[in-house]
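Colleague: The following block contains a protein sequence and its predicted model.
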Amino acid sequence: MSIVSITQASKLSGKSVRTLHRHLASGRLSYVMSDSRKGIDTSELIRAYGTIMTEMADTDKKQMAGHDTTKKQSKDKIASQNDKQWHHQIELLKLELEAEKQLSNERLQTIKAKQETIDSLKTALKLLEYRQDKSGIIEPLKENNMSYPQKNGSSVDDNTNTRLFGRLRKLFG
C-alpha cells in the first residue's frame, strides 16, 4: 500500500487529526518512515479502522501511478541501455562476419589457383607421356619376376618353369 500524511489519513479514515495523534501516541496506529518523511501506511489505517473512505482509492491510485511512472522510466532507461549494447554487439558481429567472408573468398581464390596449376601440370604430364610413347625411348615395365617357394624349400622362377603348374601360376598368380 502507500504512505499518506496525517491530514490525508484523517480524510481517508473519517477521524480527526487530533484523534489520529492520540492513537499514534497510544500505539493503536504506528508511523512509517519513507524517503525521510513520516507518514501512515494505508494498510495500517485499514487494520485500525476497518474500511476507509473511497478517496483513499483515488489517492492510492495517484501515488501508485506516480510510483509506477518512476519504475517505468527506470525500466525504459535500462531497456534503452540494453538496446544500445545489443546494437553495438550486432555491429561487432557484422564486422566479424564480413572479415570471415573476405578471408573465405581469399582462400577460395587460392584453392582455384592451385587447382589450375594442378590441371596444367596434368596436361603437361599427359603430353610428355604421349611423346614418350610415340618415340619409344622409355620401355614399359617388365612383368614381375617373383619367385614362389616350393614345398621342398627351393624357389622356382616363373620364366624358367614351363610345366603345367608354372603356366598356371603365370595365369592366376
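Modeller: Nice, I can see it. Small disclaimer: the values here were computed from a predicted structure and weren't measured.
Colleague: Give me the longest helix you can find in the chain.
Modeller: helix 55-135 (DSSP state H).
Colleague: which other helices and strands contact that one?
Modeller: Helices and strands touching helix 55-135, by 3 or more CB pairs under 8 Å, 6 or more residues apart in numbering; DSSP states H and E, are helix 6-13, helix 42-49. For glycine as for every other residue, the C-beta is placed from the backbone atoms N, C-alpha and C.
Colleague: Below-threshold pLDDT in this structure: ranges please.
Modeller: 1, 54-68, 136-162, 173 (pLDDT under 70).
Colleague: any idea which residue sits dead centre in it?
Modeller: Leu93 (11.5 Å; CA atoms, centre = their mean).
Colleague: just to revisit the earlier point, the longest helix of the chain vs helix 6-13, what angle?
Modeller: 100 degrees (axes from the mean of the first three to the mean of the last three CA atoms, to 10 degrees).
Colleague: can you list contacts of stretch 12-24?
Modeller: 4, 6-7, 9-10, 29-31, 40, 42, 45, 48-49, 52-53, 55-56, 59 (CB atoms under 8 Å, 6 or more residues apart in numbering).
Colleague: List buried members of the residues you listed by neighbour count.
Modeller: Among the contacts of stretch 12-24, the ones that count as buried by 16 or more other CB atoms under 10 Å are 4, 6, 9-10, 29, 40, 42, 45, 48-49, 52, 56, 59.
Colleague: circling back to that earlier point, centre of the chain versus the longest helix of the chain, how much separation?
Modeller: 12 Å (CA atoms, centre = their mean, to the nearest Å).
Colleague: which stretch of helix or strand covers the residue nearest to Leu29 when sequence neighbours are not counted?
Modeller: Excluding the flanking residues, the one nearest Leu29 by CB to CB, 6 or more residues apart in numbering is His23, at 4.5 Å. Under the criterion of DSSP states H and E, His23 resides in helix 17-26.
Colleague: could you check the angle helix 42-49 makes with that helix?
Modeller: Going by the same axes, to 10 degrees, helix 17-26 makes 90 degrees with helix 42-49.
Colleague: May I see the buried residues of helix 17-26?
Modeller: 20, 23-24.
Colleague: now swap in stretch 74-84 and tell me
Modeller: So for stretch 74-84, nothing qualifies as buried (16+ other CB under 10 Å).
Colleague: Use 477 as the first number for this chain going forward.
Modeller: Let's use 477 as the start, then, which means that last one is stretch 550-560.
Colleague: Would you agree Ser478 is in contact with Thr518?
Modeller: Yes: with contact defined as CB atoms under 8 Å, Ser478 counts as touching Thr518 (5.6 Å).
Colleague: The stretch of helix or strand Lys514 belongs to pairs with which strands, parallel or anti?
Modeller: Assigned by DSSP H and E, Lys514 belongs to strand 513-517. Partner strands and pairing direction for strand 513-517 (DSSP bridges) are strand 479-480 (antiparallel), strand 508-510 (antiparallel).
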